[in-house]
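Participant: Based on what follows, work out the 3D shape:
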Amino acid sequence: MLSTADAIFPPGRRALRQSGPMRALLDLVLPLECGGCRQPGTRWCVGCAQQLSSEPFALRTRVAGVPPAWSTGSYAGARRAMVIAAKERGRRDLTQEIGCAWALAVQRLREWGELDPAELTPLCLVPAPSRGRAARRRGGDPVLRAAHACALQLGAATAVWPALRVASGVRDSVGLSADQRVANLLGRVLVTERPGPSADATVVLVDDVLTTGATAAASTAALRLHGVRVHAVLVLAAVQ
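Facilitator: Reported below is the predicted structural model:
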């Protein structure tokens, strides 16, 4: 499996981006800057890549109805910076790193017996829903892009099912309490794509950040109504 640093720039492309004329041209269009610490000269530095390779840890959510939830780390440092850059600064390349971090976490959870191995069951990644207006403003859904990057790393036994969307009328969750977040999403997370995963698939809901667990709970409930069980939730970062 590729490291998070190699996922964006494998050896051939890395050599190309370091060549003189090509490097100068790319720097004019997209100046090289680490998405985690903003170190110049690299899009993702070794130190930030190491932060994302830490072992996942179990979460205790503040709302009920969330399956076993795991995070690759806290919402701080490189993780916080990359989420902001991917969402608000147009750094679409960073979704590759998020996908690689999820893939490493899935591999570890399989080793621990928390998820079934690929030899036994296929894996289905369900991206958590985003508000349509926010996704359009960002030029697409970064969580969906990261899910595809994760599936690419994990191989052919992994599928992405972008089945969830948020109905109109949902407010931005920033500043809302846990109870307010639950009420904000109640009945407003919808399953819009069928058919779903096979009956024997391990279903993992993926998201960039978990704050209270309200989105995970609403998504799990919506999928349950359509006969789909969510086995686990996996996020890049958790607010603690």
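
Participant: could you show me where the strands are in the chain, in order?
Facilitator: For the chain, the strands defined by DSSP state E cover 57-58, 69-71, 123-127, 158-160, 164-166, 189-191, 202-210, 232-238.

Participant: neighbouring contacts of the last one?
Facilitator: Looking back up the chat, that one is strand 232-238. 56, 59, 66-76, 79-80, 82-83, 98, 101-102, 105-106, 109, 114-115, 146, 202, 204-211, 213, 216, 220 (CB atoms under 8 Å, 6 or more residues apart in numbering). Every C-beta, even on glycine, is put in place using the N, C-alpha and C of the backbone.

Participant: at 6 Å instead, please
Facilitator: If you take CB atoms under 6 Å, 6 or more residues apart in numbering as the criterion, strand 232-238 is touched by 59, 67-73, 75, 79, 98, 101-102, 105, 204-210, 216.

Participant: Quick check on the residues you listed: which are buried?
Facilitator: Using 16 or more other CB atoms under 10 Å as the burial test, the contacts of strand 232-238 include 59, 67, 69-73, 75, 79, 98, 101-102, 105, 204-210, 216 as buried.

Participant: Which one of the strands of the chain lies nearest to Pro40?
Facilitator: Of all these, strand 232-238 sits nearest to Pro40, with 24.0 Å by CB to CB.

Participant: avg pLDDT for that closest one?
Facilitator: For strand 232-238, mean pLDDT rounds to 98.

Participant: now swap in stretch 189-200 and tell me
Facilitator: 89.

Participant: Flag every buried residue along that stretch.
Facilitator: Val189, Val191, Gly196, Pro197.
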